[in-house]
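**Student:** got a predicted structure here, sequence first:
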Amino acid sequence: MTAERTTIFWNQDGFRVVLCARFMAIANNYRARIRVVSFRGRDANGRSAMELMSLEVRAGEPIRIVAEGVEAEKALAALVTLVESRFGGVA
């Protein structure tokens, strides 16, 4: 099963280390392959801090989160909630 959703990334400094750690912690809770795609078309493994940081996402830009696997829907919902909450106010 595949699920995907586009949302707006609001954090001023992009995917910095703390945000990557939070994103990866949630991604690792689910049996799903996670990909993040920037509006520029760059693609990153949602379980790799280096790849997430390489997206160079800026505040206000859309990102697409794609989840594949048996828990794709649950993983996607949790990750979108995290991003839309601005990573729990960390930014």
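**Tutor:** Alright, I've got the coordinates. If you're wondering where the values come from, they're calculated on a predicted model, not measured in any experiment.
**Student:** state the pLDDT value of residue 90.
**Tutor:** At residue 90, the model reports a pLDDT of 66.
**Student:** which secondary structure elements does the lengthiest helix in the chain sit against?
**Tutor:** Longest helix in the chain, counting residues (DSSP state H): helix 72-84. In terms of contacts (3 or more Cβ pairs under 8 Å, 6 or more residues apart in numbering; DSSP states H and E), helix 72-84 is packed against strand 2-9, helix 17-27, strand 61-68. Heads up, the C-betas are built off the backbone N, CA and C, glycines and all.
**Student:** mind putting these in a markdown table, distance to residue 36 included?
**Tutor:** Listed next are the helices and strands packed on helix 72-84 as a markdown table, based on distance: least, Cβ to Cβ, whole Å:
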| stretch | distance to residue 36 |
| --- | --- |
| strand 2-9 | 9 |
| helix 17-27 | 8 |
| strand 61-68 | 6 |
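**Student:** switch those over to a markdown table; also include mean pLDDT, mean neighbour count and distance to residue 42.
**Tutor:** As requested, the helices and strands packed on helix 72-84 are exported to a markdown table (pLDDT from 0 to 100; neighbours: other Cβ atoms under 10 Å; distance: least, Cβ to Cβ, whole Å):
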| stretch | mean pLDDT | mean neighbour count | distance to residue 42 |
| --- | --- | --- | --- |
| strand 2-9 | 97 | 15 | 13 |
| helix 17-27 | 96 | 17 | 15 |
| strand 61-68 | 98 | 18 | 10 |
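**Student:** the ones you listed: which one's closest to residue 48?
**Tutor:** helix 17-27 (7.7 Å; Cβ to Cβ).
**Student:** residues in contact with the closest one: which ones?
**Tutor:** With contacts defined as Cβ atoms under 8 Å, 6 or more residues apart in numbering, helix 17-27 is touched by 11, 15, 34, 46-49, 52-53, 75, 78-79, 82-83, 87-88, 90-91.
**Student:** gap between whichever helix or strand comes after it and the chain center?
**Tutor:** Proceeding C-terminally, helix 17-27 gives way to strand 33-38 as the next helix or strand, assigned by DSSP states H and E. Here the centre of strand 33-38 is set off from its chain's centre by 6 Å, with Cα atoms, centre = their mean, to the nearest Å.
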